[in-house]
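Engineer: Sharing a model that was predicted from the sequence below.
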There are 2 protein chains.
Amino acid sequence: MSTDPAPGRDRSAATRERLLDAAVEAFATSGFAGTTTRDIAARAGMSPAAVYVHHATKEELLFEISRRGHRSAVEVAERASASADDTVERVRAIVSEFSRWHAINSRVGRIVQYEFDALTPEHRAEIAGHRRANEKIMRDALEAGIDAGVLTVSDVKGTALALLSLSIDLVRWYHPEGQITPDQIAKLHGDLAVRMVAAA
Amino acid sequence: MSTDPAPGRDRSAATRERLLDAAVEAFATSGFAGTTTRDIAARAGMSPAAVYVHHATKEELLFEISRRGHRSAVEVAERASASADDTVERVRAIVSEFSRWHAINSRVGRIVQYEFDALTPEHRAEIAGHRRANEKIMRDALEAGIDAGVLTVSDVKGTALALLSLSIDLVRWYHPEGQITPDQIAKLHGDLAVRMVAAA
């Protein structure tokens, strides 16, 4: 009776989302090593056997959470980079939107960073690729600004890492119920980033 | 025959150091949750029973590693803060030396940050106190510079956290065998910090 061409796939996709949400809850509460597949199943309202039907090992769920998180952050940085022709404003936009992303997603960000070593070597290699993509977006913006004569940067690689640290380290201390909003963090970090690199 | 007044205590202290070194090795290799007291004992060349004689639970060793790490980092920041009368140079010195500390101690730094949630609530509260002490050193330096008219800072609390992020996020990516030295990191981060806050 459904007009959907693949209701079975949709149900399966919805179950997968439920499992991923449950895994985020469990990892955030008990850490990766302190979580069992049974815990995740219980939080998702499923039997452990049903979890295995979805080929969802604990590590595979962590990898999927990490992959989605990194892809989403890279997309945000790419969009921010493309949003400004002026290279000073490009640096501001990348850092600002990257910090906003980390404030909004601080819980997932913590899991993704702190449990990186729990991934298999193959999965770590893929995630490391996403991290390098983000570093390249930052370095490219700095090099464009140096070429345009509007940025003064002595060490492009080290400065790109320092700019990303402003955003990434947010997950250590940012709490959604705290006093500072993602908008405020985005504005402050964008301003600080420009001061770090703009030509005098 | 020893001239030492308390050789027993010294032996005990040496054993304790061996246990702490072994715990750092084990946590860095397998994570806190993936490490057993038996692993730590084996790395220290001791029996599990001998570890218990030293009242060394896994959590208590993690706490001691965290406490020493934070105390050492706070001392470094305090010394740096006291080393410069000029408030611009004070900011440079604090960030520079804090980054040097995190580069030199990146392995311990990773454990201390990533396993913070594994501490008991009482131990977390003590470590959080050390973190606040570091934030206060940074805020005090910014406020002194604002009063002296040499720094322009719109948000003291947020900027202090951002300056500390430069150093703290080092532990995520810094590797001693990499191309950049602690001296180079210290110089770069000190320069970037001054650009972030110095009056135009």
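Structural biologist: The structure has been received and is ready for your questions.

Engineer: Name the helix or strand for the residue in chain A positioned nearest to chain B, please.
Structural biologist: In chain A, the residue found nearest to chain B is A:A33; the distance is 3.0 Å by CB to the nearest CB. C-beta coordinates here come from the backbone N, C-alpha and C atoms, glycine included. Secondary structure from DSSP states H and E places A:A33 outside every helix and strand.

Engineer: Tell me, how many residues neighbour it?
Structural biologist: Neighbourhood size, A:A33 [other CB atoms under 10 Å in any protein chain shown]: 17.

Engineer: check contacts around A:H54.
Structural biologist: A:S12, A:T15, A:R16, A:L19 (CB atoms under 8 Å, 6 or more residues apart in numbering or on different chains).

Engineer: measure it to B:L20 for me?
Structural biologist: The gap separating A:H54 from B:L20 is 43 Å, by CB to CB, to the nearest Å.

Engineer: By mean pLDDT, flag the weakest helix or strand of chain A.
Structural biologist: Among the helices and strands of chain A, helix A:48-53 carries the lowest confidence by mean pLDDT, DSSP states H and E, at a mean of 82.

Engineer: helices or strands up against that one?
Structural biologist: Applying 3 or more CB pairs under 8 Å, 6 or more residues apart in numbering or on different chains; DSSP states H and E, we find helix A:48-53 packed against helix A:37-43.

Engineer: ok so, going back, list the buried residues of the least confident helix or strand of chain A.
Structural biologist: A:V51 (16 or more other CB atoms under 10 Å in any protein chain shown).

Engineer: Find out how far that helix is from the centre of the chain, if you would.
Structural biologist: What separates the centre of helix A:48-53 from the centre of its chain is 28 Å, taken as CA atoms, centre = their mean, to the nearest Å.

Engineer: hey, C-alpha coordinates of that helix in CSV?
Structural biologist: Extracted in CSV, the C-alpha atoms of helix A:48-53 (Å, rounded to 0.1, in the frame of the first residue of the first chain):
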residue,chain,number,x,y,z
PRO,A,48,21.4,-8.4,20.7
ALA,A,49,20.7,-10.9,17.8
ALA,A,50,18.9,-8.2,15.9
VAL,A,51,22.0,-6.0,16.1
TYR,A,52,24.1,-8.7,14.6
VAL,A,53,21.6,-9.0,11.7
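
Engineer: tell me what the next helix or strand along the chain from that helix is packed against?
Structural biologist: Following helix A:48-53 in sequence order, the next helix or strand is helix A:58-82 (DSSP H and E). Helices and strands touching helix A:58-82, by 3+ CB pairs under 8 Å, 6+ apart, are helix A:7-30, helix A:37-43, helix A:87-104, helix A:106-114, helix A:121-147.

Engineer: next structured bit after the longest one?
Structural biologist: What that stands for is helix A:121-147. Using DSSP H and E, the helix or strand that follows helix A:121-147 in sequence is helix A:156-168.

Engineer: What about A:R71, how many residues nearby?
Structural biologist: 12.

Engineer: my read: it touches A:R131, true?
Structural biologist: No: contact between A:R71 and A:R131 fails when scored by CB atoms under 8 Å: they sit 11.6 Å apart.

Engineer: picking that back up, confidence-wise, which of the helices and strands packed on helix A:58-82 is weakest overall?
Structural biologist: Mean pLDDT per stretch puts helix A:7-30 lowest among the helices and strands packed on helix A:58-82, at a mean of 85.
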